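Asker: need coordinates for the following:
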Amino acid sequence: MRLRVGTDTFWCEGRLPDVLLMMETLSGRALRKTRGVDRRNHHPNGREERLPGGRRTVTGSPTQPIHRDRECFTLALAALLLTLGALPARAQDELVGDRPRLTESSRVVTVHRAQFEGGLRFGVDGDAKTLSAPEFLLRLGLLSRVEFRLGLPDFRRTTMPGGSTRRLGESYLGLKAQLLPSEERLGVALIPGLTKPADEKDHGDVAPELVVAWSGAVSPRWSLGGSLGRSWLKGARRGENISSSTLFLTRALGVGGGTFVEWAADIPDHGAAAQVLYHGYLLGVFPDGQLDVGVGAGLTRAAPDFVIGAGFVIRH
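Answerer: Numbers count the residues shown, from 1 in each chain. Presented below is the predicted three-dimensional model:
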C-alpha cells in the first residue's frame with residue numbers, strides 16, 4: 001500500500017500492527033483513561049519494583065524503536081477517519097460525555113461545538129493515598145463524524161507514611177471517528193491517540209494507543225456497551241505494552257440522569273491484570289451541563305483498593 005502526504009511517499013509492507021489481533025482477546029478503554037487503574041508499576045528501566053503492601057511487579061525492559069510500518073498504519077488510519085468524517089450524520093442534541101465511565105462513548109461531539117470534561121479522583125492502594133485532578137479533556141467537533149481530543153496532564157499527590165510526592169500525569173492527543181450514523185441502535189467508534197509523560201521525572205517517548213468503543217440500546221431505559229484497547233508503551237521506552245477491556249450496563253433515570261455499573265481491566269503483556277468494578281451516577285443540571293459521581297473497588301491485587309471520583313461535562 002502507498003500513501004502520499006505532501007511531497008513524501010510512504011510504502012507499507014507486511015502485516016498491520018498486532019492491535020488488530022489483540023481485539024480477539026479481553027482488552028479495553030484505553031488504558032490512559034482507566035482512571036482507577038494506575039500504571040505506576042510499569043517502569044522504563046526494566047527492573048523489579050516493590051509496591052505498598054509488599055506487592056512486587058516485574059517491569060518491562062528498554063524497548064525497540066517503532067517500525068516504519070506502524071507510521072504507515074497511522075497515516076492510513078488518519079485518512080480513514082477523514083473519509084468517515086465527510087459522511088453525513090444527523091445532528092445530535094443529546095449530551096453524551098466520555099466520563100464518568102472508564103469506557104469512552106461511541107458518539108462524537110456535534111460539528112462546530114466544543115465539550116469540556118473534567119473532575120477529580122481519590123484512590124487508596126495499601127498505605128498509599130492518591131488525589132488527582134483535573135482529568136481535563138477537550139473535545140471539538142471537526143466533521144459530522146470526527147472529533148478532535150486534547151487531554152491535559154493530571155496533577156497527582158500521593159501520600160504515604162514516609163511522606164508525600166507530587167507528579168504530573170500524561171498529556172493526550174487524539175481523534176474519535178463515529179463509524180455508524182447517530183440514529184442507529186448500535187454505536188461504534190474508533191479512537192486513535194498519543195500519550196506523552198508530562199513530568200520531568202518520567203522518561204519516555206510518545207506512545208500510540210487505539211481504542212474501539214461500542215454501545216447499544218437494550219430497551220428504552222437500558223443500554224450496554226464496552227471497549228477494546230491497546231497502548232504501545234514498550235516501543236516508547238515506558239514499560240510493558242498494555243491491552244484493556246471494559247464492559248458497562250447503564251440505566252436512564254429521568255431527564256439527563258442515569259446510573260451505571262462497569263467492569264474494567266488493564267492487561268500488561270507480562271504480569272497480573274488490574275481489574276476494577278465501578279459504579280456511578282449522572283445528573284443533567286441543564287441541557288448542556290452534567291455532573292457525575294462514582295466509586296470503584298479493585299478486584300485484583302494489581303488494582304487500587306478503592307477509588308472515588310466526581311466531575312462535570314459542559315458543552316458550548
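
Asker: please tell me how far residue 197 sits from residue 170.
Answerer: Residue 197 sits 6 Å away from residue 170, going by CB to CB, to the nearest Å. C-beta coordinates here come from the backbone N, C-alpha and C atoms, glycine included.

Asker: cool, and residue 298?
Answerer: 21 Å.

Asker: and the pLDDT at the nearest residue to residue 207 once chain neighbours are set aside?
Answerer: Using CB to CB, 6 or more residues apart in numbering and skipping the chain neighbours, the partner closest in space to residue 207 is residue 236 (3.8 Å). You'll see residue 236 listed with a pLDDT of 92.

Asker: got it, and residue 76?
Answerer: 57.

Asker: residue 235 should be in a helix, yeah?
Answerer: Yes - the assignment for residue 235 by DSSP: H, G, I helix; E, B strand; the rest coil puts it in a helix.

Asker: burial count for it?
Answerer: Residues within reach of residue 235, counting by other CB atoms under 10 Å, total 18.

Asker: quick check, it in contact with residue 206.
Answerer: No - assessed by CB atoms under 8 Å, residue 235 is found out of contact with residue 206, at 9.7 Å.

Asker: next, count neighbours for the residue nearest to residue 207.
Answerer: Residue 236: 22 neighbours (other CB under 10 Å).

Asker: over to residue 257?
Answerer: Residue 257: 15 neighbours (other CB under 10 Å).

Asker: check residue 296 too.
Answerer: 27.

Asker: list the contacts of the helix or strand hosting residue 293.
Answerer: Assigned by DSSP states H and E, residue 293 belongs to strand 289-298. Under the criterion CB atoms under 8 Å, 6 or more residues apart in numbering, residues 36, 95, 97, 99-100, 119, 125, 256, 274-285, 304-315 lie in contact with strand 289-298.

Asker: separate out the buried members of these.
Answerer: For these, a burial check counting by 16 or more other CB atoms under 10 Å picks out 36, 95, 97, 99-100, 119, 125, 256, 274-276, 278, 280-282, 284, 304, 306-315.

Asker: verify the stated contact: residue 146 with residue 176.
Answerer: Yes - the pair residue 146 / residue 176 is scored as a contact, 7.0 Å apart, by CB under 8 Å.

Asker: those two: who's more crowded?
Answerer: residue 176 (27 against 24).

Asker: contacts only, for that one.
Answerer: Neighbours of residue 176 in contact, by CB under 8 Å, 6+ apart: 104, 108, 139, 146, 147, 149, 189, 190, 191.

Asker: and it, how far from residue 212?
Answerer: 11 Å.

Asker: hmm, back to that, how far away is the residue nearest to residue 207 from residue 255?
Answerer: On the measure of CB to CB, residue 236 and residue 255 end up 44 Å apart.

Asker: surely residue 157 meets residue 133?
Answerer: No - using CB under 8 Å, residue 157 makes no contact with residue 133, being 9.2 Å away.

Asker: overlap in contacts of these two?
Answerer: Joint contacts of residue 157 and residue 133 (CB under 8 Å, 6+ apart) do not exist.

Asker: let me see the ranges of the strands in the stretch 51-200 of the chain.
Answerer: 56-58, 114-125, 128-133, 137-143, 146-151, 155-160, 163-168, 170-178, 186-197 (DSSP state E, counting those that start in this stretch).

Asker: for the second one, which positions count as buried?
Answerer: Burial within strand 114-125, assessed by neighbour count using 16+ other CB under 10 Å, is assigned to 115, 117, 118, 119, 121, 123, 125.

Asker: check the fifth one too.
Answerer: Residues of strand 146-151 classed as buried by neighbour count (16+ other CB under 10 Å): 146, 147, 148, 149, 151.

Asker: any chance of those residues in CSV, with pLDDT too?
Answerer: Converted to CSV, those look like this (pLDDT from 0 to 100):
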residue, pLDDT
146, 97
147, 97
148, 98
149, 98
151, 97
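
Asker: tell me the one of the residues you listed nearest residue 218?
Answerer: Among these, residue 147 lies closest to residue 218 (CB to CB), at 25.7 Å.

Asker: now the closest one. Nearest residue, chain neighbours left out?
Answerer: Nearest residue to residue 147 in three dimensions, chain neighbours excluded: residue 108, at 4.2 Å (CB to CB, 6+ apart).

Asker: against residue 260, how distant is that neighbour?
Answerer: 20 Å.

Asker: again, but for residue 254
Answerer: From residue 254 to residue 260 the distance is 15 Å (CB to CB).

Asker: do the same with residue 106
Answerer: 14 Å.

Asker: hmm, residue 247 is touching residue 261, no?
Answerer: No - using CB under 8 Å as the test, residue 247 is too far from residue 261 to be in contact (9.5 Å).

Asker: circling back: common neighbours of residue 176 and residue 212, please.
Answerer: Joint contacts of residue 176 and residue 212 (CB under 8 Å, 6+ apart) are 189, 190, 191.
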